[in-house]
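Q: coordinates for the following, if possible.
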Amino acid sequence: NRDIEVQGGANITAGTIQAVGTITGPVPGNSGALPIRDPFARLDLNPPTPCAAAPTDILVRGTQTLTLAPGVHCDNFLVRGNSTLQLQPGEHWFMGNIEFRGNARLRGDDVVLIFGLNERFDFGGRADVELTARRTGPFAGFLIATTRNNTQTFAITSDRVRELLGTIYIPEAHLLIRTTGSVAQDSAWSVIVAETITMRDDPVLVINTGYAGSGVPVPTGVGPSA
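A: Residues are numbered from 1 along each chain as shown. Below you'll find the model as predicted:
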């Protein structure tokens, strides 16, 4: 980490806690760690084809199920009620936002969600999210990624975002977790690379390290190391 700030009765528990900059609050960690270079700086995050027009809104509601094949998605997806957005295995470039409300579900196994310059996800309401990262190809091990110029806020405010298995790479963007429940607790392992991670309203963010046997490879440069 660069800087760590813990306030208001919050806490961090880990095997090792280190910060390049400062640690503020009751954290049993060490400041002054050596910085590392971005291990994914050469990763090409450009979509294979551009979108011809500005995104329009696609509303998924009621008990609908919308299944998306991999590829470039040029619209905003607003998922409501008890509906489901199902992602087929592969690379999904979102050139619009995806927003969940109510009891909507997001499912995807062997997928990566890549967001454009100004796009983001918003897992709100009581959205039920279960995602596992790509197992093969150039994005093996990646679950969510965005361009290095994206400064949006990716928000998790639902208490049912249970599985985010893989690497979340949003290096200049912000991850906001604002809920009273646990997040990512069913993930065998998770890696988060973000400009900031902010947690409010008593959430529990679980970063597991069950790399072996997960079925999802860990990208070189993060995770287990000799």
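Q: was I right about R148 contacting I170?
A: No - counting by Cβ atoms under 8 Å, R148 stays clear of I170, with 9.4 Å between them. Where you see a C-beta, it was placed from the backbone N, CA and C, and this is true even at glycine.
Q: excluding covalently adjacent residues, which one is nearest to Q7?
A: In this structure, Q7 finds its nearest non-sequential neighbour in G25, 6.0 Å apart by Cβ to Cβ, 6 or more residues apart in numbering.
Q: out of R148 and I170, which sits in the busier spot?
A: Counted by other Cβ atoms under 10 Å, R148 and I170 do not tie: I170 has more neighbours, with 26 against 17.
Q: so which strand or helix has that one?
A: Following DSSP states H and E, one finds I170 within strand 160-178.
Q: what's that strand packed up against?
A: strand 128-133, strand 142-146, strand 153-156, strand 182-183, strand 190-200 (3 or more Cβ pairs under 8 Å, 6 or more residues apart in numbering; DSSP states H and E).
Q: export these to a markdown table and tack on mean neighbour count?
A: Converted to a markdown table, the helices and strands packed on strand 160-178 look like this (neighbours: other Cβ atoms under 10 Å):
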| stretch | mean neighbour count |
| --- | --- |
| strand 128-133 | 23 |
| strand 142-146 | 25 |
| strand 153-156 | 20 |
| strand 182-183 | 20 |
| strand 190-200 | 17 |
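Q: do you know which of these lies nearest M95?
A: Of all these, it is strand 142-146 that lies closest to M95, at 11.3 Å by Cβ to Cβ.
Q: from the chain's centroid, how far away is the closest one?
A: How far strand 142-146 lies from its chain's middle: 6 Å, per Cα atoms, centre = their mean, to the nearest Å.
Q: any buried residues in the strand holding I170, and which?
A: Across strand 160-178, burial judged by 16 or more other Cβ atoms under 10 Å covers 160-171, 173-177.
Q: what do you get for stretch 83-93?
A: For stretch 83-93, by 16+ other Cβ under 10 Å, it's 83-85, 87, 89-93.
Q: end-to-end on stretch 151-169?
A: End-to-end distance for stretch 151-169, by Cα to Cα, to the nearest Å: 12 Å.
Q: pLDDT on it, on average?
A: Regarding stretch 151-169, the rounded mean pLDDT is 97.
Q: with stretch 24-42 instead?
A: On average, stretch 24-42 scores 91.
Q: now do stretch 75-88
A: The model assigns stretch 75-88 a mean pLDDT of 98.
Q: quick one: terminal-to-terminal distance for it?
A: 17 Å.
Q: what comes into contact with that stretch?
A: With contact meaning Cβ atoms under 8 Å, 6 or more residues apart in numbering, stretch 75-88 is reached by 55-70, 94, 96-108, 111, 113, 127, 131.
Q: ok, stretch 37-51 next?
A: Under Cβ under 8 Å, 6+ apart, the answer for stretch 37-51 is 72, 74, 93, 95, 114, 116, 138, 145-148, 169, 171, 193, 219-222.
Q: centre-most residue in this protein?
A: I168 (4.4 Å; Cα atoms, centre = their mean).
Q: so how many other residues sit close to V206?
A: 14.
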